[in-house]
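**Q** Return a 3D structure for these sequence lines:
(3 chains)
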Amino acid sequence: MKPKGIRQFEPLLYLLPAFFFFIVFTYYPFFKTVFNSFFLTNFMGVRKEFVGLENYIRILQDPAFLASVKNTFIYVIVSVPVSVFIALILAIIANKKTLSSPVYETMYALPMAMSTSVCAMIFELMYNPSLGIINELLGTNVSWLTDNRFTIYAISFISVWMNIGYNFLFLLAAVRNVPADLIEAADMEGAGTVRLTTKIILPIISPTVFFLIINSLAKSMMMSGLVIILTDGGRNGSASTMISYMYSQSVNAQNYNNGYASAIIAFIITFVLMLFSFGFEKKYVHYN
Amino acid sequence: MDNSVSLKRRKDIGKVLFQAFAILVGLLVLFPIIYCCFVSFMKPNQIQSIPPTIIPKEWTLENYFNVMETTPIGRFMINSLILAGVSSVIRLVTASFAAFAFSFYEFKGRNLLFMICLGTIMIPSDVVLVTNYQTISGLHLVNTYLGMMSVFCVNAMNIFMMRQNFLSFSRTLQEAAYVDGCSNIRFFFKILIPTSTPVLTTVFISSFISTWNTYLWPMLVTNQPLMRTVQVGVTMLNNEDGNVHGPIMAASMLVLIPTVAIFLIFRKKIVSGIMGGALKE
Amino acid sequence: MKKIVSLVLAALMMLTLLVGCGGNSNSGSGSSGSNGGSSGDEGGVVTIEFWNSAEGAMATSTEYLVGLFNDTVGKDKGIHVNSVFQGGDVVEKLKTLVQANDYSNFPDVGQIYAAGLSTVLQMKNLVPLDTIYESGEYEITLPKEEIIENFLRSYTYEGQTVSLPLNASTMLMYYNKDAAKEAGLDPDAPPKTIAELAEWTDALTVRDGSTVTRYGLNIQMDRYELVNFLAGVSDTGCNYIGDNGGGRDAMMTKLTIGEDGSLMAFLDEWEKVIATGGYKAVNDDERGEFANGLSAINFQSSAQLASMMSNAEGKFELGVAPLPACSDKYGAGAAVGGGSLAMFDMGDAARRQAAWEFMQFMASADSQVYLFEHNGYLPVCKSAYETDAYKAFVESTPEAAVAVEQLNNSDPGMQEPMDLINWELNTLSKDSFIAWTNGEITKQECHDNIVDGFNAKLTEYIRANG
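**A** Modelled structure (predicted):
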């Protein structure tokens, strides 16, 4: 559509309701935080004196914060691809409708219905080294949540599980939208499931896959709840993420100076990563 | 003749086997929830025992009674239903309008505005909590559903998902609509929205569930027990001095029922109906 | 289908509008500055808000006591208490209200933990307990002398008592009596010093080849455990942990446990525990493992007595004992923990009176004995210990008396310090003890990590808050 005269403002009108809420409930408070981050603030969040970039410089020299940045990236690398891939397989299984479709569709989607705190509690029971079901089933003897070497992966596993349902739901809708005649035509040519998936289904559902990758990326970059509840950051901060660091600094240690600055650095890193990912959109995502 | 019958039978057996396989995968995926369900029926001293067990030795409703005694969970569910139901509908409205602008119009600053929109998901809620409380209390909306819903009225990921879907919308169909003299807004309401039911449904379900499970904000802006949501109820059971696994698992099973119901009700809508046909042209 | 969906949505919206408006008009009709519309003076009944952090069994007890108050004292005096659960820590919510400068939505009474004291002191509508006692404005049925000094001190800052103790607990040693018998120990003579604890740990540890199948002792040295073990390590009778009387006379500026040698004195003894090899320093699930015989000694709050007893039931005989002293040189004792009630001025004398009436009821002998029986909290008022109900309960459950005995043996100065950034101390202590137990760092490094690490954090804190 070409903008003509007053028509130019039409799209802005459609954006208005969304941006009204964004500005009032997200960006206004966020910019207040950005402003505060250049000050020394006391434990009630009251500004005391202007300190410029001092808060940023301090946490960028804090090994605990740097470790949390590194850990965040490990969480992202481990959990994003896995959660999208498993969900895709489930969506392909569920694509064909059968008598018991309602049963297993619900089963695959259900993990998304569990809240973080409840998931944390279930997995805490299951991960317990001596009384938990996981070591019993695997025949291992690992302290999943307290041994530095395993904690990040144990937490990632939970977050993958929690995301499967959400990703599955969107992928199922996308896969079901693939025109039946295209699939039939491919079937006639005798294409196998793998070929069918990569050559025909994947390009068509690429907008959804792209959405889910960005979505999981953002979620993993912002990951904090499970880490805080289950590990309190792990031994010597070995499991902490940028946002769990922010939380323990501002809420637990009543230190808004470190808290605000880390939230803003996390925002910048995530935003850059997002822009980078959108660079792939033109090349790999096929609309129409 | 014989051949075709055995072929059909073989096909039937294949179908049954496939469904059994699909359900088996489902059981695997669902294992943590199944475990949670079994634990909710266990007596406290069986929950942690050696060797660990999955199935209750002795089924008991003790934990469920405990939940009912400690929290008005039914009332909390009604509150959560209102909060999640209404704010998800509002989200659908704000998101579909915004996505319409982002996908069907070319205008200056479109990409920048889209990035600003996505930027909102990178701002942790803890950072905005105090200021938002200030806003809500300044508007005298503390202790109201409106105050609770206000921060859930828009979600950037919903906009993003709908944009993805609208961008895939058949251009031919769109142009045909314009040739027919369809105005933008008519096109939006008469053609775009009705053909986008699958994505609207998925966005609604996901949005409903995430709001259903929120805890901190609804608790912050309400001071009346009758206005509390389900996750506050679950937290009320979490006493570190006691054996809390059973009651909390029981509460989470109860809290799960409405979400399963929502999924079952709207599930059929995920199936493409009109869109698939429209694409054939 | 579409029709059903839209019908459901429309119904939902209608419902919201109705209920939402209801909520709105409610808060509108309340006098400005009053709470949520439901509080205030209506038809001769004064309604007050009570915000609590009571979870699980404590929630049930709290609701029971509030209901009892409304039906008895409240009915006589025209007072109604609205009890509201506000998450695990009421102070966190109050802090947000203060930051948003919203005093109109405050409660009349709030349940406050000692750790939140410095935050509560920032609230300009706080009515400190001492003010209530000294102003002459209030009817006193529970004199200050009636309240046990240890508990009052927990809520005292700069000589002023801020809030009224409500639920008090103390750390206890729990042990497996059957295991002690099997190991040839006298189950009725539990260890009195850390050195004896080490002997017990050694004797109670069971190995299968080189792997430990039952740890003698399982305790993660969090801040709570550390300050309790250190409470008696002092020549003067009690260890304040930090300067300025443990942060109670003025803001704490440093830890004193390094310079006065008390931490090292404790570590010297604790080394014997580590040397047994039967000590597990990580909390995977201390109580669950103890209940299943995977460890034989555990340290938990007295408030966990009921769940510890039910966990052990049918498995082994549970022993309960006071904390061991550091060594023969020092006395035993423990710090008290728990919650208290603070009053906030909502601008109405009648509501303040009502709030005080309710606070006294909650701290009175009968209510306190109820909490003791149902939740393991020690009665905070002296007369509770003279009641028949108390005596009967202690007779039927002698384990419950151990905490009382420990309290009587503890110097009132033994308190958890007001260390402001207690989360930092918690992390440093826990991580250092685990690393030391694993042999990753030395005793001296463990000591320095805690003392120097915390002092550095404290300096940073003082710069922003001093």
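**Q** going forward, measure contacts between C-alpha atoms and count neighbours the same way
**A** Noted.
**Q** Check which helices and strands the lengthiest strand in chain C sits against.
**A** In chain C, taking DSSP state E as the definition, the longest strand is strand C:164-176. If you count contacts as 3 or more Cα pairs under 8 Å, 6 or more residues apart in numbering or on different chains; DSSP states H and E, strand C:164-176 packs onto helix C:149-154, strand C:295-301, strand C:318-321, strand C:336-344, helix C:349-363, helix C:365-375, helix C:399-409.
**Q** Residue 74 sits in which helix or strand?
**A** All of this is about chain A. Using DSSP states H and E, residue A:74 maps to helix A:63-95.
**Q** my bad, the chain I had in mind was chain C
**A** helix C:73-77.
**Q** Just checking: what are the partner strands of the helix or strand following that helix?
**A** On the C-terminal side of helix C:73-77, the closest following helix or strand by DSSP H and E is strand C:79-85. According to DSSP bridges, strand C:79-85 forms sheet pairs with strand C:45-52 (parallel).
**Q** which other residues reach the strand it pairs with?
**A** For strand C:45-52, the external contacting residues (Cα atoms under 8 Å, 6 or more residues apart in numbering or on different chains) are C:35, C:38-41, C:78-87, C:89-90, C:107-111, C:350-351, C:354-355.
**Q** switch the cut-off to 7 Å
**A** For strand C:45-52, the surrounding residues in contact (Cα atoms under 7 Å, 6 or more residues apart in numbering or on different chains) are C:39-41, C:78-86, C:90, C:107-111, C:351, C:355.
**Q** just how off-centre is that strand within its chain?
**A** Centre-to-centre, strand C:45-52 and its host chain are 23 Å apart (Cα atoms, centre = their mean, to the nearest Å).
**Q** could you dump it to PDB, C-alpha only?
**A** Extracted in PDB, the C-alpha atoms of strand C:45-52 (Å, rounded to 0.1, in the frame of the first residue of the first chain):
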ATOM      1  CA  VAL C  45     -17.200  -1.300  64.000                       C
ATOM      2  CA  VAL C  46     -13.600  -0.400  63.400                       C
ATOM      3  CA  THR C  47     -12.100  -2.400  60.600                       C
ATOM      4  CA  ILE C  48      -8.300  -2.800  60.400                       C
ATOM      5  CA  GLU C  49      -6.000  -4.500  57.900                       C
ATOM      6  CA  PHE C  50      -3.400  -7.100  59.000                       C
ATOM      7  CA  TRP C  51      -0.800  -8.100  56.400                       C
ATOM      8  CA  ASN C  52       1.000 -11.300  57.100                       C
END
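**Q** which stretches of chain C have low pLDDT?
**A** Scanning chain C with the threshold set as pLDDT under 70 gives C:1-43.
**Q** 50 instead?
**A** Applying pLDDT under 50 to chain C flags the ranges C:1-38.
**Q** Can you tell me which residues in it are near chain A?
**A** Within chain C, the positions lying close to chain A (Cα under 7 Å from any Cα of the partner chain) are C:99, C:284, C:421, C:423, C:424, C:431, C:464, C:465.
**Q** re the thing from before, could you give the angle of the longest strand of chain C to helix C:349-363?
**A** Interaxial angle of strand C:164-176 relative to helix C:349-363 (axes from the mean of the first three to the mean of the last three Cα atoms, to 10 degrees): 20 degrees.
**Q** Centre of the chain to strand C:164-176, how far?
**A** Distance of strand C:164-176 from its chain centroid, counting by Cα atoms, centre = their mean, is 8 Å.
**Q** ok, residue C:375 - contacts?
**A** Residue C:375 neighbours (Cα under 7 Å, 6+ apart): C:57, C:58, C:303.
**Q** Unless I misread the structure, the second one falls within a helix.
**A** Yes - inclusion of residue C:58 in a helix is indicated when DSSP: H, G, I helix; E, B strand; the rest coil is applied.
**Q** measure it to residue C:351 for me?
**A** To residue C:351, residue C:58 is 25 Å away according to Cα to Cα, to the nearest Å.
**Q** now the first one
**A** Note on residue C:57: its distance to residue C:351, by Cα to Cα, is 29 Å.
**Q** biggest separation within the residues of chain C next to chain A, which pair?
**A** C:99 and C:284 (36.9 Å; Cα to Cα).
**Q** Name the residue in the two with the higher neighbour count.
**A** residue C:284 (23 against 18; other Cα atoms under 10 Å in any protein chain shown).
**Q** coming back round to it: out of the helices and strands packed on strand C:164-176, which gets nearest to residue C:221?
**A** Nearest to residue C:221, of all those, is strand C:295-301, at 10.0 Å by Cα to Cα.
**Q** Would you mark the buried spots in that closest one?
**A** C:295, C:296, C:297, C:298, C:299, C:300, C:301 (16 or more other Cα atoms under 10 Å in any protein chain shown).
**Q** What is the nearest of those to chain A?
**A** Checking the buried residues of strand C:295-301 against chain A with Cα to the nearest Cα, the nearest one is residue C:295 at 11.2 Å.
**Q** In the sheet, which residues pair with that closest one? Tell me.
**A** Beta-bridge partners of residue C:295, as defined by DSSP bridges: residue C:215.
**Q** Contacts only, for it.
**A** By Cα under 7 Å, 6+ apart, the contact list for residue C:295 reads C:214, C:215, C:216, C:217, C:218, C:289.
**Q** Ignoring the adjacent residues along the chain, who's closest to the last one?
**A** So the one you mean is residue C:289. In space, residue C:289 comes closest to residue C:295 once its chain neighbours are excluded; the distance is 6.2 Å by Cα to Cα, 6 or more residues apart in numbering or on different chains.
**Q** how much space between the one you found and residue B:50?
**A** For residue C:295, the distance to residue B:50 - Cα to Cα - is 13 Å.
**Q** Give me the below-cutoff pLDDT ranges for the stretch 151-288 of chain A.
**A** Applying pLDDT under 50 to the stretch 151-288 of chain A flags no residue at all.
**Q** Spell out which residues of it are next to chain C.
**A** Proximity of the stretch 151-288 of chain A to chain C, by Cα under 7 Å from any Cα, involves residues A:235, A:236, A:252, A:253, A:254.
**Q** give me the number of residues near the fourth one?
**A** Neighbour count of residue A:253, defined by other Cα under 10 Å: 21.
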